[in-house]
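> only geometry, no sequence info:
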């Protein structure tokens with residue numbers, strides 16, 4: 001007799017698994033991680049094994065899973081596409097359990113030869129070739145009947161449309177369509193930039209792409225394929241082993257993964273499992289385990305099948321890369337460039353081989369798209385060395401007290417105003433010179449060659465100065481009570497001579513130009529060229545600091561976004577204080593009345609420099625041209641007014657000649673500069 005509790009639980013599990021199958025296979029929107037699904041599936045299997053009376057033909061355990069979409073024609077598989085048993089124990093016991101079952105079934109005491117492969121995390125596909133030509137591609141479906149996705153599969157460039165040197169009547173190749181990590185990340189980043197939905201994981205990306213009703217949409221998602229076996233075969237001589245089949249397919253031009261091996265016995269299986277685990281994070285695609293197969297086709301035939309699984313194969317899985325947990329809170333972290341990133345504070349969960357308590361939420365828009373609330377049960381994903389992220393929410397488990405996230409208006413680190421520029425997904429802190437979170441980046445940029453040019457002030461030294469709280473802002477660099485020979489010589493890997501060089505470089509950098517100083521401040525969207533334009537236009541720093549948006553828009557190449565960035569930067573009191581301290585500690589430059597109302601000799605002209613200038617460096621030539629109002633560009637176009645060609649001028653000179661752009665040699669440049677500078 002089957003208890004009422006067992007009957008009720010089995011019915012509940014079947015309903016829940018069927019619902020998850022629908023969302024995964026039909027809606028292309030996974031509701032739970034694979035690990036959660038597998039746990040429910042194993043529980044139902046155990047109940048049915050314990051109570052055979054519960055077993056029925058419509059149980060999810062009696063089929064692979066899935067449902068044919070109305071939009072795709074059904075395909076009846078000539079040979080069923082069955083799944084294989086999974087092992088989740090350690091590498092030694094999982095491998096030993098499988099080897100023991102195989103040898104017992106064969107009645108053999110000898111070591112068995114196995115083919116070892118990777119268990120790809122994608123979508124199973126059957127490719128049907130007739131006389132070497134791809135005529136049909138079908139999904140696994142329920143194992144007996146799949147969906148015709150030929151047009152979508154044709155968009156996968158690595159799948160051959162015609163096999164090399166094969167004229168077999170029928171050759172069905174079975175394998176996995178997958179999305180590489182690089183392609184997945186690139187696709188999601190582009191979607192975020194466009195404000196469009198992102199993919200949950202590479203597996204969902206592959207499944208959803210193949211099952212797009214419009215092949216042109218499928219073609220936009222980058223997919224790949226690996227073969228791992230055969231379906232129906234007529235007119236192709238089968239080799240004696242599974243590994244030889246894969247070798248044969250590879251010779252026909254079918255992609256086959258090179259991370260495979262032929263081994264003897266259980267210990268070698270366990271070693272393969274360990275070796276792949278060690279390199280798993282470095283693989284260009286996701287896997288969730290490895291697969292062991294008896295290599296001999298004759299022995300495979302002898303072993304046969306049990307229920308929905310072959311006795312001669314097993315999937316030995318690794319720790320799940322997705323798990324469920326509760327999102328306790330959302331905190332905001334400020335990065336080196338001032339970008340604010342919401343971070344999920346999680347109930348600790350073991351995922352991807354480690355315990356995770358924090359996960360990224362990317363940005364405010366992503367939180368809105370995923371409808372993440374504090375208190376939700378969320379899906380957390382960790383693949384390889386990738387930062388853990390929240391990829392989904394189980395809304396049916398949302399508690400009554402769950403609350404939405406609101407991005408703070410002020411920086412949580414320094415209290416500066418938080419801004420979000422039009423067209424950008426990221427919110428940013430405006431306290432660049434003041435915010436401790438941005439301190440290292442601000443100093444490194446300030447010391448750069450094209451900024452204040454403080455030689456020797458590199459990453460490692462700045463790390464020590466900031467991490468040791470020696471300096472708190474840019475002005476501290478020029479405070480000799482803070483940065484001096486004694487302080488620097490006491491740092492790791494700093495001898496007295498090196499320390500003296502830094503002191504000398506700091507002293508020398510005090511005399512600079514206004515353009516360099518403005519660029520060194522690291523104002524968002526203000527590059528080196530814009531900084532020079534601002535210096536030339538206004539002539540004095542105070543004029544720039546006091547300028548409004550309309551005045552800034554009068555500067556060449558300064559648009560609304562750049563103008564607003566400048567206004568926001570100098571609108572923060574602490575940025576003004578740091579600038580004032582820098583000036584008080586000796587940083588200076590030559591100022592003039594500005595050229596806002598002047599027309600310089602080369603105003604509106606665009607120059608390009610190429611080759612080597614013997615009497616002056618290209619930097620000097622560029623500075624002198626810009627001082628006369630010219631713009632110096634990096635490439636030649638129809639808008640270029642003149643190309644200055646020094647010795648060994650290359651493709652830019654050729655391009656100028658093709659476009660009939662005037663060309664000066666160095667002597668002509670010097671003559672023109674002298675005449676313009678006199679006027």
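Arrived safely. The shown structure was predicted, so the numbers you read here are calculated from the model rather than taken from an experiment. Residues are numbered from 1 along each chain as shown.

> how many residues are close by residue 510?
14 (other Cβ atoms under 10 Å). In this view, the C-beta of every residue, glycine as well, is placed from N, C-alpha and C.

> do you know how far the closest residue to it other than its chain neighbours is from residue 347?
Excluding the flanking residues, the one nearest residue 510 by Cβ to Cβ, 6 or more residues apart in numbering is residue 586, at 4.5 Å. Per Cβ to Cβ, to the nearest Å, residue 586 is found 54 Å from residue 347.

> again, but for residue 439
33 Å.

> and these two? Which one has more around it.
residue 439 (22 against 14).

> isn't residue 487 up against residue 464?
No. Shown here, residue 487 and residue 464 do not form a contact pair, counting by Cβ atoms under 8 Å, at 10.4 Å.

> name the residues contacting each of these two.
Common contact partners of residue 487 and residue 464 (Cβ atoms under 8 Å, 6 or more residues apart in numbering): residue 470.

> which of those two has more residues huddled nearby?
residue 487 (19 against 16).

> once you drop chain neighbours, what's closest to the more buried one?
In space, residue 487 is closest to residue 470, 6.6 Å off (Cβ to Cβ, 6+ apart).

> the helices in the stretch 451-600 of the chain, which residues?
459-467, 485-489, 496-509, 514-520, 528-538, 541-546, 549-553, 560-570, 573-584 (DSSP state H, counting those that start in this stretch).

> cool, the stretch 51-200 of the chain as well?
91-106, 150-153, 181-193.

> out of those helices, deepest packed?
Most buried of these by mean neighbour count (mean count of other Cβ atoms under 10 Å) is helix 150-153; its value is a mean of 21.

> contacts for that one next, please.
Here helix 150-153 has contacts from 125, 127, 134-138, 159, 177, 209-212, 215, 218-219, using Cβ under 8 Å, 6+ apart.

> now, which of these sits nearest residue 36?
Using Cβ to Cβ, residue 211 comes nearest to residue 36 of the contacts of helix 150-153, at 22.1 Å.

> what about that closest one, neighbour count?
20.

> likewise the one 4 residues further on?
Burial of residue 215, expressed as a neighbour count using other Cβ under 10 Å, amounts to 14.

> show me what contacts it?
Contacts for residue 215 (Cβ under 8 Å, 6+ apart) come out as 151, 152, 154, 155.

> what about 6 Å?
Residue 215 sits next to 151, 152 when contact means Cβ atoms under 6 Å, 6 or more residues apart in numbering.

> ok, it to residue 380 distance?
34 Å.

> right, and the helix or strand after the helix or strand of the chain with the lowest mean pLDDT?
Ranked by mean pLDDT, DSSP states H and E, the weakest helix or strand in the chain is helix 215-219, scoring a mean of 74. Next along the chain after helix 215-219, taking DSSP states H and E as the criterion, comes strand 224-234.

> just give me how far that following strand sits from the chain centre.
Distance, stretch centre to chain centre, for strand 224-234: 31 Å (Cα atoms, centre = their mean, to the nearest Å).

> now the helix or strand following it, how far from the chain's geometric center?
The helix or strand immediately downstream of strand 224-234 is helix 242-251, counting by DSSP H and E. Centroid separation for helix 242-251 versus its chain: 33 Å, with Cα atoms, centre = their mean.

> buried set for helix 242-251?
242, 243, 245, 246, 248, 249 (16 or more other Cβ atoms under 10 Å).

> show me what contacts the first one?
Counting by Cβ under 6 Å, 6+ apart, residue 242 touches 115, 293, 295.

> thought the first one was touching residue 293?
Yes. Here residue 115 reaches residue 293: they are 4.7 Å apart, a contact under Cβ atoms under 6 Å.

> do you know how far the most centrally placed residue in the chain is from residue 54?
Nearest to the mean C-alpha position of the chain, counting by Cα atoms, centre = their mean, stands residue 185 at 3.6 Å. According to Cβ to Cβ, residue 185 and residue 54 sit 44 Å apart.

> count the residues that sit near residue 573.
11.

> can you check the pLDDT for it?
On pLDDT, residue 573 comes in at 89.

> do the same with residue 69
We have a pLDDT of 53 for residue 69.

> hmm, back to that, now, the contacts of residue 242 that are in strands?
Applying DSSP state E to those, the entries found in strands are 115, 293.

> export the contacts of residue 242 to TSV and tack on distance to residue 356 and neighbour count?
As requested, the contacts of residue 242 are exported to TSV (distance: Cβ to Cβ, whole Å; neighbours: other Cβ atoms under 10 Å):
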residue	distance to residue 356	neighbour count
115	34	22
293	33	20
295	38	22
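
> and residue 664, what does it touch?
642, 644.

> how about the strands of the stretch 251-400 of the chain, start to end?
261-264, 287-294, 305-306, 309-310, 313-317, 322-334, 339-351, 354-360, 373-374, 377-381, 389-393 (DSSP state E, counting those that start in this stretch).

> which one, of these, ends up nearest to residue 561?
strand 339-351 (16.2 Å).

> follow-up on the earlier one: please produce JSON lines containing the helices of the stretch 51-200 of the chain, extended by distance to residue 502 and mean pLDDT.
Below are these laid out as JSON lines (distance: least, Cβ to Cβ, whole Å; pLDDT from 0 to 100):
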{"stretch": "helix 91-106", "distance to residue 502": "52", "mean pLDDT": "90"}
{"stretch": "helix 150-153", "distance to residue 502": "61", "mean pLDDT": "87"}
{"stretch": "helix 181-193", "distance to residue 502": "39", "mean pLDDT": "85"}
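
> of these, which is nearest residue 373?
helix 181-193 (20.1 Å).

> roughly how far out does the next helix or strand along the chain from that closest one sit from the chain middle?
Remark: after helix 181-193, the chain's next helix or strand is helix 202-210, criterion DSSP H and E. On the basis of Cα atoms, centre = their mean, helix 202-210 sits 17 Å off its chain's mean C-alpha point.

> next: stretch 372-379.
Centre to centre, stretch against its chain (Cα atoms, centre = their mean), the figure for stretch 372-379 is 23 Å.

> average pLDDT for that stretch?
Rounded mean pLDDT across stretch 372-379 is 96.

> what's the first-to-last distance across that stretch?
11 Å (Cα to Cα, to the nearest Å).

> go ahead and confirm residue 417 touches residue 430.
Yes. Contact status for residue 417 versus residue 430: in contact at 5.0 Å, counting by Cβ under 6 Å.

> of the two, which one has the most company?
Between residue 417 and residue 430, counting by other Cβ under 10 Å, residue 430 is the more crowded of the two (24 against 14).

> quick check: pLDDT value at that one.
What the model reports as pLDDT for residue 430 is 86.

> mind listing what it touches?
416, 417, 419, 568, 572.

> same question, residue 591
539, 540 are the contacts of residue 591 under Cβ under 6 Å, 6+ apart.

> next, give phi and psi for it.
phi -120, psi 160 (degrees, to the nearest 10).

> picking up where we left off before, looking at the contacts of residue 242, spot the one nearest residue 528.
For the contacts of residue 242, the nearest to residue 528 is residue 115 (58.4 Å; Cβ to Cβ).

> okay, that closest one and residue 629: tell me how far apart.
72 Å.
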